[in-house]
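In: Task: produce atomic coordinates for the following.
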Amino acid sequence: MSLGMIGQKAGMTRIFDSTGVSIPVTVISFSPNTITQIKTDEKDGYQAVQVSYGKSSEKRVNKAISGHYKKSSLTPGKGLIEFRVENEDVNNFEIGKTINITTFKEGEHVDIIGTTKGKGFQGGVKRHHFKTQDATHGNSLSHRALGSTGQCQDPGRVFKGKKMPGQLGNVRNTIQNLVVVKIVEEDNIMLVKGSVPGFNGSNLIIKPTRKKYTPKKILSEEVEHKDESVEVSKSNQDDKINDVNKKETKENASKEEVKTDSKTNEDNSKKDVESDEQKPSNEQSK
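Out: Numbers count the residues shown, from 1 in each chain. Model (predicted):
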């Protein structure tokens with residue numbers, strides 16, 4: 001389901017898993033999320049579901065927003081957020097239906113959108129992590145200065161986009177592929193691993209991640225394939241060693257056969273010599 005929710009950052013803490021490892025988590029609380037409008041391709045040109053969160057008094061809502069809520073027979077909320085649902089049937093959603101935290105599951109990966117903390121006007125060292133200049137050796141009043149910002153006569157100007165001092169923070173930021181560690185349905189609380197943008201109490205948009213995540217099962221299969229390949233290589237090495245040993249044994253056997261043949265030939269030659277020596281002695285005796 002591609003439909004997300006609107007929550008509020010409550011703060012950060014840590015929990016321990018079954019092995020005793022400390023996991024830093026962000027606590028996100030949820031108020032009731034209500035579907036206020038359903039947009040279709042025929043009427044609006046795209047498919048989306050508009051969601052409102054919390055409740056707001058009619059005095060704090062202008063006439064346009066109050067008329068929008070009255071059209072759906074709903075009480076005004078604190079904000080309106082759209083979620084694109086291009087690959088889903090819009091008929092599955094109903095105006096006035098409440099979205100629960102059960103739309104997310106533990107172990108699921110989500111994208112969280114928020115507004116970062118505003119830091120005001122900051123220098124280049126804090127804003128862009130510039131290196132500071134020398135503390136001594138003739139340097140004065142320029143320890144945290146930028147240095148050169150341009151070139152000489154040509155081009156004779158500062159390029160657009162040059163990193164310089166200015167406003168830091170207070171921008172929309174998205175943290176992708178965060179893991180939902182735990183969901184407490186009774187308290188409408190979600191624990192997400194890691195940090196998220198914004199101050200405590202700021203609004204967050206939580207929706208299923210758009211990145212492809214490789215589950216652990218595939219990684220384990222890859223490890224198994226690696227182990228199998230290692231075993232195959234080991235077996236191939238063993239086969240090579242066995243072949244070498246067989247060749248050595250054959251060579252040794254052939255060498256022994258050659259030795260035995262040479263010995264037999266020597267013995268036969270000795271016998272022939274002895275027989276030749278005995279023949280003349282027999283002739284003399286005759």
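
In: all contacts plus neighbour counts: C-alpha atoms, from now on.
Out: Will do.

In: Which of the helices or strands spans I175?
Out: Element membership of I175 [criterion: DSSP states H and E] is strand 172-184.

In: Contacts for the helix or strand hosting K9, please.
Out: Secondary structure assignment for K9, by DSSP H and E: strand 5-16. By CA atoms under 8 Å, 6 or more residues apart in numbering, the residues outside strand 5-16 that reach it are 22-31, 33, 51, 53, 99, 101, 195, 198-207.

In: Quick one: name whatever helix or strand follows the strand holding I175.
Out: Next along from strand 172-184, by DSSP H and E: strand 189-193.

In: Direction included, what does that next one pair up with?
Out: strand 22-30 (antiparallel), strand 172-184 (antiparallel) (DSSP bridges).

In: those helices in the stretch 51-200 of the chain, which residues are they?
Out: With DSSP state H, counting those that start in this stretch, the ranges of helices along the stretch 51-200 of the chain come out as 63-71, 124-128.

In: Worst mean pLDDT among those helices?
Out: Note on the helices of the stretch 51-200 of the chain: helix 63-71 shows the lowest mean pLDDT, a mean of 92.

In: mind listing what's buried in that helix?
Out: The neighbour-count check on helix 63-71 (16 or more other CA atoms under 10 Å) flags 66, 69 as buried.

In: try stretch 113-133
Out: Of the residues in stretch 113-133, 113-117, 123-124, 127 count as buried by neighbour count, 16+ other CA under 10 Å.

In: Among the residues you listed, name the ones in strands.
Out: Among the buried residues of stretch 113-133, the ones falling in strands (DSSP state E) are 113-115.

In: What distance do you get for M5 to T136?
Out: From M5 across to T136, the span is 54 Å (CA to CA, to the nearest Å).

In: Please compare those two by neighbour count and tell me which comes out ahead.
Out: Counted by other CA atoms under 10 Å, M5 and T136 do not tie: M5 has more neighbours, with 26 against 8.

In: Hmm, F30 is touching E186, no?
Out: No. If you go by CA atoms under 8 Å, F30 and E186 don't touch, sitting 11.1 Å apart.

In: Who has more neighbours out of the two?
Out: Set F30 next to E186 and count neighbours by other CA under 10 Å: F30 wins out with 21 against 7.

In: From A10, how far off is the more buried one?
Out: In this view, F30 and A10 are 10 Å apart by CA to CA.

In: Put together a markdown table for the strands paired with strand 189-193, with distance to E88 on each row.
Out: Converted to a markdown table, those look like this (distance: least, CA to CA, whole Å):
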| stretch | distance to E88 |
| --- | --- |
| strand 22-30 | 24 |
| strand 172-184 | 22 |
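
In: Quick check: which of these is buried the most?
Out: Mean neighbour counts were compared across the strands paired with strand 189-193 using mean count of other CA atoms under 10 Å; the top stretch is strand 22-30, at a mean of 19.

In: Quick check: next helix or strand after that strand?
Out: Beyond strand 22-30 toward the C-terminal end (DSSP H and E), the next one is strand 33-39.

In: just checking, what packs against that next one?
Out: The helices and strands touching strand 33-39, judged by 3 or more CA pairs under 8 Å, 6 or more residues apart in numbering; DSSP states H and E, are strand 48-53, strand 98-99.

In: any chance of the ones you listed in CSV, plus mean neighbour count and mean pLDDT?
Out: Below are the helices and strands packed on strand 33-39 laid out as CSV (neighbours: other CA atoms under 10 Å; pLDDT from 0 to 100):
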stretch, mean neighbour count, mean pLDDT
strand 48-53, 22, 94
strand 98-99, 17, 92
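
In: Tell me which of the ones you listed lies nearest to R144.
Out: Nearest to R144 among the helices and strands packed on strand 33-39 is strand 48-53; the distance by CA to CA comes to 45.0 Å.

In: Can you give me the buried ones in stretch 10-25?
Out: 10-12, 24-25.

In: Tell me the one of those nearest F83?
Out: Nearest to F83 among these, with distances taken as CA to CA, is A10, at 23.1 Å.

In: Distance of D89 relative to S56?
Out: Going from D89 to S56 by CA to CA gives 30 Å.
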